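Enquirer: sharing a model prediction with you, sequence too.
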Amino acid sequence: MHRIRLGVNVDHVATLRQARGTTYPDPVTAAALCELAGADQITVHLREDRRHIQERDLRILRQTVQTVLNLELAANDDVLAIACDVQPDLATLVPERRQEVTTEGGLAVVGREAEVSEAVARLQAAGIRVSLFINPDVESVEASARCGAQQIEIHTGFYSEARGAQQTAELKRIRLAASAGARLGLSVAAGHGLDYVNARAVCAFAQIEELNIGHAIMARAFFVGMKDAVREMIAVMSEEEVRRRVR
Ligand code: PXP
């Protein structure tokens, strides 16, 4: 059965390792377990401050990942050069601020199209598919298409933090952005703040082909193990896929 692809973000394994400066737990091991459990993609974010994933992790993952390696990165020179050298299958451009706990907003594409287009072209020239992590608004989707990206990843963080009517409104923004992306011929992914409950509604949108999920899966892995945590998320995503088909 076709289902939405699951990209598992293993950054938090590296966060735990960096907290003690040890050599364990290794995100490379985690990535292998995620793949054995059925993950379709491994996602890592090489941050400018190297707070979790290190260049060493990225280089080893390039050799060991059997599915698809998705590198999240800011459009800065240093990390773009590393990306072009390592050649992940997919590069997702994200905004980055040193003080943030995690990526807070989508990439500002509107009004910065020349700069973003240049980064997109540089990655594509190295043979890498490019996705832009953007807020759920149609203007950002259209600007992403103009920048030449092949994919967008819709920021679901606002939805995951909202409650009640506000959450319904945020879900609608995601749906409209996903439809706009599909209409423009872009592949559509979504992610940030998704968990075993709130991912369900997002999976119901036919235009969404991929989810990238990190924190919720890693948190569950503490209690049930990495493979079960991944399998349980795939089960959630598969249930929604079935519902969508019978609608
Ligand atoms: N997608 C992008 C672009 C992200 O930056 C992150 C966080 O690193 C995620 C998905 C995963 O978010 P979470 O850890 O909240 O599932």
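Expert: Yes, it's here. Just so it is clear, the model here is predicted, and its values are computed rather than measured.
Enquirer: so residue 189 belongs to a strand, correct?
Expert: Yes - under DSSP: H, G, I helix; E, B strand; the rest coil, residue 189 sits within a strand.
Enquirer: contact partners for it?
Expert: Contacts for residue 189 (C-beta atoms under 8 Å, 6 or more residues apart in numbering) come out as 7, 131, 151-154, 208-212. Yep, even glycine has a C-beta here, placed from its N, CA and C like the rest.
Enquirer: what sits against the residue positioned nearest the centre of the chain?
Expert: Centroid-nearest residue in the chain, with C-alpha atoms, centre = their mean: residue 212, separated by 3.8 Å. Contact analysis of residue 212 by C-beta under 8 Å, 6+ apart lists 7-9, 41, 43, 70, 92, 153, 189-192.
Enquirer: which of these fall within strands?
Expert: Of the contacts of residue 212, the ones assigned to strands by DSSP state E are 7-9, 41, 43, 70, 92, 153, 189-191.
Enquirer: ok, and which of the contacts of residue 212 reach the ligand?
Expert: Applying C-beta under 6 Å from any ligand atom to those, one finds that 9, 92, 153, 191-192 fall near the ligand.
Enquirer: same list (these) but as CSV, adding neighbour count and pLDDT.
Expert: Shown next, in CSV, are those (neighbours: other C-beta atoms under 10 Å; pLDDT from 0 to 100):
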residue, neighbour count, pLDDT
9, 25, 98
92, 25, 98
153, 32, 98
191, 26, 98
192, 26, 97
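Enquirer: of the contacts of residue 189, which is the nearest to the ligand?
Expert: Nearest to the ligand among the contacts of residue 189, counting by C-beta to the nearest ligand atom, is residue 212 at 3.9 Å.
Enquirer: so that closest one: helix, strand or coil?
Expert: Residue 212, by the three-state scheme (three-state DSSP), is strand.
Enquirer: distance-wise, check the residue nearest to it when sequence neighbours are not counted relative to residue 94.
Expert: Here the nearest residue to residue 212 in space, its sequence neighbours aside, is residue 191; by C-beta to C-beta, 6 or more residues apart in numbering that works out to 3.5 Å. Residue 191 sits 10 Å away from residue 94, going by C-beta to C-beta, to the nearest Å.
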